[in-house]
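Student: below is the structure, and that's it, no one-letter string:
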């Protein structure tokens, strides 16, 4: 990899700013000052800027417990976005899928484009589990309606997994991620969603992660996510 790309990827500056760092003799490779921006690095090289080691991380994977009020986006001119909650040197991170602005819960953030594509691909049927609170009592036929395909104007939902908690609370597990899908499904049983939180995504769970908190995924969690595309969920 070129030295200037390496440094830019690790947020040491823009390409032009990185070239200035190199020109000013502030960049070392294996403790030797390098003056060429196109210097080709090897995997075993140690890179330093102002004598601080700059380690290269190709992919990063975060799980965030999204607060309400944030958009599932990289940037927005009007509303706060979830990327503002993540502290990372990477500039190419993005959310995997989306949660509505008023929805809380688990969202995966990564710069692994292939994994992002695989997890969102309809053919892989990655499961998403939601905790739901409603404005009125659930009808007796809620399970029959929600656990079977439901026809909407723009799509037909796959059978969901419905788990009643009490008269106004439930869990719903779906394999798609259509716009306002969970809210629209409960409208079919005559209820309006008043609170919605995603608690599981594929093999990931929120665990003890509090609202607004995030953490890096473990190697085991990453491996299990990558295995999902090989499973018939």
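Tutor: Received it, and whenever you're ready, just let me know what you need. Since the structure is predicted, the reported quantities are computational estimates derived from the model, not experimental observations.

Student: which helix or strand contains the residue nearest the centre of the chain?
Tutor: The structure's the chain has its C-alpha centroid closest to residue 108; by CA atoms, centre = their mean the separation is 2.2 Å. Assigned by DSSP states H and E, residue 108 falls within strand 104-110.

Student: show me the strands in the chain, by range?
Tutor: According to DSSP state E, the chain carries its strands in the segments 27-29, 32-33, 47-49, 52-53, 61-66, 94-95, 104-110, 128-134, 161-166, 169-174, 193-201, 204-205, 214-216.

Student: redo the ones you listed as CSV? Include mean pLDDT.
Tutor: Compiled in CSV, the strands of the chain are given as follows (pLDDT from 0 to 100):
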stretch, mean pLDDT
strand 27-29, 96
strand 32-33, 96
strand 47-49, 95
strand 52-53, 93
strand 61-66, 97
strand 94-95, 96
strand 104-110, 98
strand 128-134, 98
strand 161-166, 97
strand 169-174, 98
strand 193-201, 98
strand 204-205, 97
strand 214-216, 96
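
Student: would you mind telling me which of those is nearest residue 75?
Tutor: Checking these against residue 75 by CB to CB gives strand 94-95 as the closest, at 10.3 Å. Glycine gets a C-beta too; all of them are placed from N, C-alpha and C.

Student: name every strand pairing with that closest one and say which way it goes.
Tutor: Paired neighbours of strand 94-95 in the sheet (DSSP bridges): strand 104-110 (antiparallel).

Student: I would like the residues contacting the partner strand, please.
Tutor: 59-68, 72, 82-83, 86, 93-99, 116, 119, 130-131, 196-201, 204-206, 211, 214, 217, 225 (CB atoms under 8 Å, 6 or more residues apart in numbering).

Student: drop anything exposed from those residues.
Tutor: Those of those that meet the buried threshold are 60-67, 72, 82-83, 93, 95-96, 98-99, 116, 119, 130-131, 196-201, 204, 206, 214, 217, 225, by 16 or more other CB atoms under 10 Å.

Student: so what sits opposite the residue nearest to the centre of the chain in the bridge?
Tutor: Listed by DSSP bridges, the beta-bridge partners for residue 108 are residue 63.

Student: distance check, it against residue 73.
Tutor: According to CB to CB, to the nearest Å, residue 108 stands 14 Å off from residue 73.

Student: same thing with residue 125?
Tutor: Distance of residue 125 to residue 73, computed by CB to CB: 25 Å.

Student: and what of residue 170?
Tutor: In this view, residue 170 and residue 73 are 28 Å apart by CB to CB.

Student: domain ranges for the protein?
Tutor: Residue ranges for each domain of the chain read 3-53, 61-230, as given by automatic domain parsing.

Student: deepest-packed of these, please.
Tutor: Comparing the domains of the chain by mean neighbour count (mean count of other CB atoms under 10 Å), domain 61-230 comes out on top with a mean of 16.

Student: flag the shaky bits of the protein, pLDDT-wise.
Tutor: Low-confidence regions of the chain, defined by pLDDT under 70, span residues 229-233.
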